[in-house]
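Colleague: The following block contains a protein sequence and its predicted model.
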Amino acid sequence: LSHDDKRFIIFHHLWRKQDGVLSATNEVKVLAFNLNERRIETFLPGVQARLAEIHADHRSLDPPEQAGHGIALKRR
């Protein structure tokens, strides 16, 4: 859904195989974290490039209606 140099947000839909009914949704904010220093840091350049590629590939898709109600990159 969105990303910056330290965070990205993804949204999942889970559909029941038997009948195609939506059974769950999940929205997640992921942080780049350095376990040695125990603090948030920027993604490595290769990770940033891949996130930009994925975001570009998904830009033409409509965002899920439920997305963004509880999680955002900027403070409200």
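Modeller: Arrived safely.
Colleague: Read off the pLDDT value for the residue lying closest to A24 once chain neighbours are set aside.
Modeller: Nearest-residue entry for A24: L14, 4.2 Å, with adjacent residues in sequence omitted and distances by Cβ to Cβ, 6 or more residues apart in numbering. Every C-beta, even on glycine, is put in place using the N, C-alpha and C of the backbone. pLDDT for L14: 93.
Colleague: host element of L14?
Modeller: L14 belongs to strand 7-15 when assigned by DSSP states H and E.
Colleague: Show me what that strand pairs with in its sheet, parallel or antiparallel.
Modeller: Sheet pairing of strand 7-15 (DSSP bridges) gives strand 2-3 (antiparallel), strand 22-31 (antiparallel).
Colleague: How about the last one, which residues are buried there?
Modeller: The one in question is strand 22-31. E27 (16 or more other Cβ atoms under 10 Å).
Colleague: If you count contacts, what does the next helix or strand after it end up packed against?
Modeller: Following strand 22-31 in sequence order, the next helix or strand is strand 33-34 (DSSP H and E). On a contact count with 3 or more Cβ pairs under 8 Å, 6 or more residues apart in numbering; DSSP states H and E, strand 33-34 meets strand 39-40.
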